[in-house]
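> I need the structure of the sequence given here:
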Amino acid sequence: MSQTATPAIEGWFTTGPAPALVGSRCTTCATVFFPRTGGFCRNPACSGEEFEGIELSRRGRIWSYTDAQYQPPPPYIPATDPYVPFALAAVELPEGLVVLGQVAGGYGVADLEVGAEAELVVETLYTDDTGDRTIWRWKPVIEMGQEADQ
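The predicted structure follows:
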């Protein structure tokens, strides 16, 4: 049986060398949503019902961050046993959205700073008998001249 890498949440992000989150833009008011939406515009000032799919910016600024010292409840599947805490970052994209996600492997809260730039990457969330299940994560962008422990 061959094993493949498959997004853990189908249709929420692209993969490849330049992955991106996939959102929707209301064709009436241009409000952007993530994840994708349909049916009616969630902007209370708009009565739009049509949306176009868009790829969101790959980079944004850290709006807030924390660490997950306690294992989240199901359906979360821990990558290790015993559970290893990980960092979470809320990143504000140029489109005006704040998107929460895990921080890339090898980085923790000590590597994060509000206002610092972060970039979207795709990494393995867990592995099952059919292969890797991938998810987007936020990787701190280390500017040239900054020291990095990575």
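
> Longest strand in the chain, please.
strand 117-128 (DSSP state E).

> which other residues reach the helix or strand that that one is followed by?
Remark: after strand 117-128, the chain's next helix or strand is strand 131-140, criterion DSSP states H and E. Outside strand 131-140, the residues that touch it by Cβ atoms under 8 Å, 6 or more residues apart in numbering are 2-9, 12-13, 15, 19, 21, 62, 89, 91, 101-105, 107, 111-112, 116-127. (Each C-beta comes from the backbone N, C-alpha and C, glycine too.)

> ok, 6 Å please
If you take Cβ atoms under 6 Å, 6 or more residues apart in numbering as the criterion, strand 131-140 is touched by 3-8, 13, 89, 91, 101-104, 107, 111, 118-126.

> could you give the angle of that strand to strand 117-128?
Here strand 131-140 runs at an angle of 160 degrees relative to strand 117-128 (axes from the mean of the first three to the mean of the last three Cα atoms, to 10 degrees).

> just how off-centre is the helix or strand of the chain with the lowest mean pLDDT within its chain?
Ranked by mean pLDDT, DSSP states H and E, the weakest helix or strand in the chain is strand 4-7, scoring a mean of 81. Computed by Cα atoms, centre = their mean, to the nearest Å, the separation of strand 4-7 from the middle of its chain amounts to 16 Å.

> and the helix or strand hosting residue 89, what does it pack onto?
Assigned by DSSP H and E, residue 89 falls within strand 86-92. Under the contact criterion of 3 or more Cβ pairs under 6 Å, 6 or more residues apart in numbering; DSSP states H and E, strand 86-92 touches strand 59-68, strand 98-102.

> List the strands paired with that strand, with their directions.
strand 59-68 (antiparallel), strand 98-102 (antiparallel) (DSSP bridges).

> can you tell which of these is closest to residue 38?
strand 98-102 (18.8 Å; Cβ to Cβ).

> contacting residues for residue 83?
Residue 83 touches residue 71, counting by Cβ under 6 Å, 6+ apart.

> element containing it?
Applying DSSP H and E, one finds residue 83 in no helix or strand.
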